[in-house]
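*Asks:* Next comes the sequence, and after it the predicted model I'd like to discuss.
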Amino acid sequence: MESSLRNLSESSSDFRLQTTSQSANIIFSFIENLEITPLNLLVYIPILYLLYIVLLVSYRLYLSPLAKFPGPKIAAATLWTEFYYDAVLGGQFQFKVKEWHEIYGPVVRINPFEIHIDDPKGDFYGTVFSNTGIRDKHEFYTSQFGTGKTGFGTVSHHLHRLRRKAMNPFFQPSNVLRFEPVIKAKLDKLCQRIDQYSAAKLGAMPMRIVFMSYATDVITSFTLNHSWNHLDAPDFNPWWWQTTQCTAKMTKWTKQFPWLLPMLQGLPDFIVKAMDPNLILVLEMQRKIEGIVVDVLSGKDGKYAYYPDGSPRTIFHEILKSDSLPAADRDVEYLWQEGQNFLGAGSDTVAFVLTMATYYLLADTKKAEKLREELRVARADKDTELRVVALMKLPYLTGVVNEALRLSYGTSCRLTRIAPTESLNFQHWHIPAGTPISMSSLMMHHNENIFPQSHTFSPERWADQEDGGKALERYLVSFSKGSRQCIGMGFAKAEIYLTIATLFSRYTNMTLYDTDYDRDVKMVSDMFFPQASKESRGVRVLFGEN
Ligand code: HEM
């Protein structure tokens, strides 16, 4: 209450100041004259609470520095609007924001604190997600995963720089290229599993689950130096995909109630299980990663934790080696949270891009043939298996990868940045320093000015450009941009290029099985990652004889 009143007195409008200070006087004299008895409290508390709400909403609607921005009043008044669309209706807020942009224009105030921008030219993305400016994250966004100590979850720009610096060497192109043979070994295993499945006539393969197993084996080998070997499971461990889906769905609740996560962690397992059996999978995953971290810290991995030249094979050894890391970060909690982020960030994201590439190429077999032809010619030229560096130079394959990234969006939710010391100007709008500003890949990637017929999968929109689509990449934001851009981008791209090239060269007889765009592909809800309809049976593929 006091802070609301203090805020009120800072108003620039004399009239409003007068009115609000009169209201404040009334409230104070009301409080002074209160006769406190238990019975009276039952009446006074709701009245005071109601007054507090009225003052708070009035402040948000008329006095806040964001009051000048267009948008629905209900969104400016309360965070419950987002909660209703996202938690109650299930991932619908992004679509609502899109509708608001159609009504109010490119700048919309989407909650009491935040402005969302859908720039018709797309260039403002580079300003908000800047590489050079100071950019904090918004705690409302970061708190949803309960990993506030990690690079991903760090609010402060400056602290993030220190944490990111500790991880950077692990993601250098040289370290990614050194890992290429391991990705290829996992790819061989994936192909063996596909061959066995098809020889045993087990039917169509659920590609998101299959790719999820594969991507998890790759990311656990890369970051933990221990493959989780999901590809060995006869059914590709669908529960692991459910775990990540459950973690993502939980964010719609934990964003509003961040205390939920620590509370769950403190409850006995049987209670958590009774609430939702998938929740226990999330906790088990966290404990498994924590166990690995404890092993790392105790030196259990010994010399196998390092390459012969002494560089680390696990992200934890890399982080601990750094002299930039704050001392408080050298503990188990920080490291397991970081480990969880790597697994979450590097498994279903990659799996979804691969699934989308597979779907769109098989839905239009001419495009698949064009890709195969490019790969055939390139291979004949070199007379050998292509390495990732050579693959990345192929224009049509690059178009396929970029289109798959574009139509899988990265995160389907909006991303937010705060410029704490700099006010930003967009069109005629002046956005005060410290305002959380968000933009969304969903809107960037369906901006018809930039990507005409944006719902069409068209590798040609990249491949047919004179510069191979380099200029257009500015608007491809699946990995976001700027200082908080995905640290695993180079690694993910290497994995995606290798996988698409290998599968489409090797399997010439792949067909979609009972896969319907509206039911199984089209994004209908945003659960941090894009989700198809509840009736979806996934993208399924039959591998025939080649
Ligand atoms: C297609 C695959 C991937 C996509 C689309 C993707 C997308 C993204 C996006 C959009 C962000 C920024 C999130 C934000 O602003 O809050 C991000 C951050 C991050 N990603 Fe990825 N990612 C992918 C793969 C990976 C992989 C393979 C790894 C690990 C090897 C990884 C590790 C991370 C980490 C650690 C961050 C936080 C970076 C920071 O804040 O400094 N990602 N990713």
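*Replies:* Cool, got the structure.
*Asks:* Near the ligand, which residues of the chain are found?
*Replies:* 151-152, 164, 219, 341-342, 345-346, 349-350, 353, 410-411, 415, 478-480, 484, 486-488, 491-492 (CB under 6 Å from any ligand atom). C-beta: built from backbone N, CA, C; applies to glycine.
*Asks:* where exactly do the helices run in the stretch 51-200 of the chain?
*Replies:* 73-77, 80-83, 93-104, 124-128, 139-142, 157-167, 173-178, 180-199 (DSSP state H, counting those that start in this stretch).
*Asks:* Let me have those in TSV, extended by mean pLDDT.
*Replies:* TSV is the format used below for these (pLDDT from 0 to 100):
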stretch	mean pLDDT
helix 73-77	97
helix 80-83	96
helix 93-104	98
helix 124-128	98
helix 139-142	93
helix 157-167	95
helix 173-178	95
helix 180-199	96
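*Asks:* Of the ones you listed, flag the one that's most buried.
*Replies:* helix 124-128 (a mean of 20; mean count of other CB atoms under 10 Å).
*Asks:* in what helix or strand does the spatially closest residue to L391 that is not a sequence neighbour lie?
*Replies:* In this structure, L391 finds its nearest non-sequential neighbour in Y497, 4.5 Å apart by CB to CB, 6 or more residues apart in numbering. In the assignment (DSSP states H and E), Y497 maps to helix 489-506.
*Asks:* Give me the distance from the very next helix or strand once past that helix to the chain's centre.
*Replies:* Helices and strands here follow DSSP H and E; after helix 489-506, the next one along the chain is strand 510-512. Put simply, strand 510-512 sits 29 Å off its chain's centre (CA atoms, centre = their mean, to the nearest Å).
*Asks:* partners of strand 510-512, with directions?
*Replies:* strand 540-543 (antiparallel) (DSSP bridges).
*Asks:* Averaged pLDDT, the partner strand. What do you get?
*Replies:* Across strand 540-543, pLDDT averages out at 97.
*Asks:* Would you mark the buried spots in it?
*Replies:* By 16 or more other CB atoms under 10 Å, the buried positions in strand 540-543 come out as 540-543.
*Asks:* And the pLDDT for the residue most central in space within the chain?
*Replies:* Residue closest to the mean C-alpha point of the chain, counted by CA atoms, centre = their mean, is T411 at 3.6 Å. For T411, the model assigns a pLDDT of 93.
*Asks:* neighbours of the closest residue to it other than its chain neighbours, just the number please.
*Replies:* The spatially closest residue to T411, leaving aside those adjacent along the chain, is F528, at 5.9 Å (CB to CB, 6+ apart). Taking other CB atoms under 10 Å as the neighbour definition, F528 ends up with a count of 23.
*Asks:* list the contacts for F528?
*Replies:* Listed by CB atoms under 8 Å, 6 or more residues apart in numbering, the contact partners of F528 are 144, 248, 251, 411-413.
*Asks:* Now intersect the residues you listed with the helices, please.
*Replies:* 248, 251 (DSSP state H).
*Asks:* List buried residues within the contacts of F528.
*Replies:* 144, 248, 251, 411-413.
*Asks:* just to revisit the earlier point, and the buried residues of strand 540-543, which two are furthest apart?
*Replies:* R540 and F543 (10.8 Å; CB to CB).
*Asks:* Quickly list what's touching both of these two.
*Replies:* M205.
*Asks:* about what we covered before: between the buried residues of strand 540-543, which is closest to the ligand?
*Replies:* V541 (19.6 Å; CB to the nearest ligand atom).
*Asks:* Report the beta-bridge partners for the closest one.
*Replies:* Going by DSSP bridges, V541 forms beta bridges with M205, L512.
*Asks:* ok, the residue nearest to the centre of the chain touching C486?
*Replies:* No. The criterion here is CB atoms under 8 Å, and T411 misses it with C486 at 9.7 Å.
*Asks:* Could you report the distance from R379 to L503?
*Replies:* 14 Å (CB to CB, to the nearest Å).
*Asks:* So for those two, which residue has more residues nearby?
*Replies:* For R379 versus L503, the count of surrounding residues by other CB under 10 Å is larger for L503: 22 against 15.
*Asks:* so what's the more buried one up against?
*Replies:* Contacts of L503 by CB under 8 Å, 6+ apart are 191, 358, 510.
*Asks:* phi, psi of the closest residue to the ligand within the chain?
*Replies:* Closest to the ligand within the chain is G488: 2.2 Å, counting by CB to the nearest ligand atom. G488 adopts backbone torsions of phi -90, psi 10, taken as degrees, to the nearest 10.
*Asks:* likewise K534?
*Replies:* The phi/psi pair for K534 (degrees, to the nearest 10) is phi -60, psi -30.
*Asks:* What is the burial count for it?
*Replies:* As a burial measure, K534 scores 9 neighbours (other CB under 10 Å).
*Asks:* residues touching it, list them.
*Replies:* Contacts of K534 by CB under 8 Å, 6+ apart: none found.
*Asks:* Next, work out how far apart the nearest residue to L190 once chain neighbours are set aside and D467 are.
*Replies:* Leaving out its chain neighbours, the residue that sits closest to L190 by CB to CB, 6+ apart is Y214, at 4.8 Å. Distance of Y214 to D467, computed by CB to CB: 32 Å.
*Asks:* the more surrounded of these two?
*Replies:* Using other CB under 10 Å as the criterion, Y214 and D467 rank with Y214 on top: 25 against 9.
*Asks:* Packing partners of the host helix or strand of the more buried one?
*Replies:* In the assignment (DSSP H and E), Y214 maps to helix 207-224. With contacts taken as 3 or more CB pairs under 8 Å, 6 or more residues apart in numbering; DSSP states H and E, helix 207-224 sits against helix 180-199, helix 238-254, helix 315-321, helix 332-346, helix 348-363, helix 489-506.
*Asks:* just the ones you listed: most buried one?
*Replies:* Per stretch, and counting mean count of other CB under 10 Å, the top mean among the helices and strands packed on helix 207-224 goes to helix 348-363, which has a mean of 24.
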